[in-house]
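Got a predicted structure plus its sequence, pasted below:
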Amino acid sequence: MLSKQYRLKKRKSFNYIYKKGKHVGNETLALVFVAAKMKHIKIGFSVSKKVGNSVTRHKATRKMRAACRPLVPMIKENHSIIFVAKEGVEKKHVTEITQAMANTLRRAGLMS
RNA sequence: AAUGUUGGUUAGGCGAUUGCACACGAAAGUGUGAGGAAAGUCCGAGCACCAUAUGGCAGAGUGCAAGUUAACGGCUUGUUAUGGCAACAUAAAGGAAAGUGGAACAGAAAAUUACCGCCCCCAAGGGCAAGGUUGAAAAGGCGAGGUAAGAGCUCACCGCGUCACAGGUGACUGUGGCGGCAAUCCAAACCCCACUCGGUGCAAGGUUAGAGACCUGGGCUUAAACGUAGCCAGCGUGCCAGGUCCAUACACCGCGCGAGUCUAUUGGCGACAAUAGACCAAGAUAGAUAAUCGCCCUCGACAGAACUCGGCUUAACGACCAACCGUAUCA
RNA sequence: GCUUCCGUGGCGCAGCAGGUAGCGCAACGCAUUCGUAACGCGUAGGUCGGGGGUUCGAAUCCCCCCGGAAGCU
């Protein structure tokens, strides 16, 4: 779990990022990001109903959170990021998800 | 022994490291952390506010009896009916001589019936409903007597209705007498009868902060309009409605001590109740309970709290326990 | 969190105080035309979302599920 300062919370911000942000994706997940005024990075997770029922969705969210944790200090600041899950995420191992995240972040140019 | 019936329990376990939420703590840290269905939202309550929720109509629900409960449409024990060899299971199970309506096709006729038919008779006219056909359903059934032919017209048995007696808190049951069949089915058709129901939901509601400015239209206090119920009455407020701009809360409380959990005893066939002792056991708000690794086994289904309880319903891999039934074999 | 509505041929819809399930377009065949379209004639296609109940009989009435849509805050 991320500590509170890194979390993306408000519904408005989610909508703003979806509207204004840039998209990068691969088979596992999609990344949406936008530059922000905040000092810290803000990270949010989005898992739609396509992925499964509430148990599988919840599991997918947890795995993504766990996968995200080691990457946090490497990401450039002043950005808001959303990771969007695709189907089958909950079956994959956490290290795979971490690699996928690193891959998208690198392509987005957010790795410092 | 296998099968069956009923009821219940459980819901992978242990350890290490790294994390998350909450509580306590100065800190280090310590403790706790999803379910039997948390689900569907189908019922019933608590709690909160709305007008002290008042009267009538309309509307909705329930419908065998007694009990149980905070309450219920739930549950328990019975009654009756149906199914099963049985253990047992299932049932919205009041009223059709209050009224309205419906019963396709077929059939003479689907409700005060008469086509064929039977009988008396020259005929006219009259008597009859046994037999025939249709249909889901056709005016008690069956046998005997009786008759012109017939008919509960009479009788026995069965069914039905009703009265009395007995048993039972009661639904109802049993026995006996009497009636002589009173006019089919449908009320999960309208309806009648009995009983119950005010509305809205924690995004309720409260705290602090805020509660501002402008424009347009209507009304002028016996009014309009609004006030959370479909209509009327009654009650309350005393300006109302629409639009634009600005600010804001996604803050805090409500929110975890409760019809609470566990154990024991007592009462009751049971649902359940009473008493005593012990315990405090999730409370998030983009929303916690996870990740990685090791070992073991029967190799793990359905599935994730969002104000809280009592039920019902639905989903589902298995494992285990208890009681009972009939059958077969053995003793 | 709560409320309401809808599922009927391939598509869009009727039929719902119970009695043999229809319409338009599309499809197929015939006819017409030099050929195509339109017009005309004909044909096929439905366990009425699923399961149970009431009834002699259910698309229709009642109950429980499944899927979809809309609304309130």
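Yes, it's here. Numbers count the residues shown, from 1 in each chain, chains lettered A, B, ... in the order given.

Roughly how far does the spatially most central residue of chain A sit from residue A:28?
Nearest residue to the geometric centre of chain A (Cα atoms, centre = their mean): residue A:83, 2.4 Å. Distance of residue A:83 to residue A:28, computed by Cβ to Cβ, to the nearest Å: 10 Å. All C-beta spots, glycine's among them, are computed from the backbone N, C-alpha and C.

And residue A:111, by the same measure?
Taking Cβ to Cβ, one finds residue A:111 at 17 Å from residue A:28.

same question, residue A:103
9 Å.

who has more neighbours, the two?
When residue A:103 and residue A:28 are compared for neighbours, residue A:28 comes out ahead with 21 against 15, by other Cβ atoms under 10 Å.

The more buried one against residue A:89, yeah?
Yes. With contact defined as Cβ atoms under 8 Å, residue A:28 counts as touching residue A:89 (6.2 Å).

Are there residues contacting both of those two? Which ones?
Residues touching both residue A:28 and residue A:89 by Cβ atoms under 8 Å, 6 or more residues apart in numbering: residue A:97.

how about the helices of chain A, start to end?
Here chain A has its helices, by DSSP state H, at A:11-20, A:54-68, A:94-108.

Distance to residue A:41 and mean pLDDT for these - can I get that in CSV?
Formatted as CSV, the helices of chain A follow (distance: least, Cβ to Cβ, whole Å; pLDDT from 0 to 100):
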stretch, distance to residue A:41, mean pLDDT
helix A:11-20, 12, 66
helix A:54-68, 11, 78
helix A:94-108, 11, 82
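
I'd like those helices written out as TSV, with distance to RNA strand B added.
As requested, these are exported to TSV (distance: least, Cβ to the nearest atom of the strand, whole Å):
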stretch	distance to RNA strand B
helix A:11-20	3
helix A:54-68	4
helix A:94-108	4
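
Reformat those as CSV; add distance to residue A:74.
Output for the helices of chain A, formatted as CSV (distance: least, Cβ to Cβ, whole Å):
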stretch, distance to residue A:74
helix A:11-20, 20
helix A:54-68, 11
helix A:94-108, 8
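
Good, we can wrap up now.
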